[in-house]
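Asker: Predicted model, plus sequence, below.
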Amino acid sequence: QVQLVESGGGLVQAGGSLRLSCAASGRTFSRYHIAWFRQAPGKEREFVAAITWTLGSTYYADSVKGRFTISRDNAKNTVYLQMNSLKPEDTALYYCAAAATFTGATMKLSHAYDYWGQGTQVTVSS
């Protein structure tokens, strides 16, 4: 079992930065791929970024590439999402999720993930 708790959300002006944290419990956290998803009101949940447990490889949605950075500290059981140059369209509830396995084809799909946090709200004002 893995339990995930997100933090670090808040209200920020466009162009600003936030760092989200995803703290996990469970001894096997280091063997899970971790991703961030987000969901804006009235929209589908969408993939933001992922990091693998094997090589620490990272993947990003085109909409955040170059602005967001995902990283993990297995010793602290924590994954981070550094978000820079924030835009109003980044406003959403951000979730972290853990998957024991995924492929290139399933990584961006919600159903590939076994565990989810409750989410942290990010609001970017214009």
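Answerer: That came through, no problem.

Asker: any low-confidence regions in the protein?
Answerer: Within the chain, the segments meeting pLDDT under 70 span 27.

Asker: what's the residue closest to the geometric middle of it?
Answerer: Note on the chain: the residue nearest the mean C-alpha position is residue 36, at 1.9 Å, using CA atoms, centre = their mean.

Asker: Check whether that residue really touches residue 69, as I assumed.
Answerer: No: counting by CB atoms under 8 Å, residue 36 sits too far from residue 69 to count as a contact (10.9 Å). To be clear about C-beta, it is placed using only N, CA and C from the backbone, and glycine gets the same treatment.

Asker: what touches both of the two?
Answerer: Listed as contacting both residue 36 and residue 69 by CB atoms under 8 Å, 6 or more residues apart in numbering are residue 81.

Asker: those helices in this structure, which residues are they?
Answerer: In the chain, no helices are defined using DSSP state H.

Asker: now residue 43: how far from residue 75?
Answerer: From residue 43 across to residue 75, the span is 35 Å (CB to CB, to the nearest Å).

Asker: To clarify, my last question referred to residue 32.
Answerer: Going from residue 32 to residue 75 by CB to CB gives 15 Å.

Asker: May I have the residues that are in contact with residue 5?
Answerer: Counting by CB under 8 Å, 6+ apart, residue 5 touches 22-24, 117-118.

Asker: Determine which two of those are furthest apart.
Answerer: 24 and 118 (13.1 Å; CB to CB).

Asker: of these two, who's got more company?
Answerer: residue 24 (23 against 10; other CB atoms under 10 Å).

Asker: Isn't that one up against residue 2?
Answerer: Yes: assessed by CB under 8 Å, residue 24 is found in contact with residue 2 at 5.5 Å.

Asker: tell me, what's touching these two both at once?
Answerer: Residues touching both residue 24 and residue 2 (CB under 8 Å, 6+ apart): 32, 98.

Asker: And the strands in this protein?
Answerer: Listed in chain order, the strands found in the chain under DSSP state E are 3-7, 10-13, 18-25, 33-39, 46-51, 58-60, 68-73, 78-83, 92-99, 115-116, 120-125.
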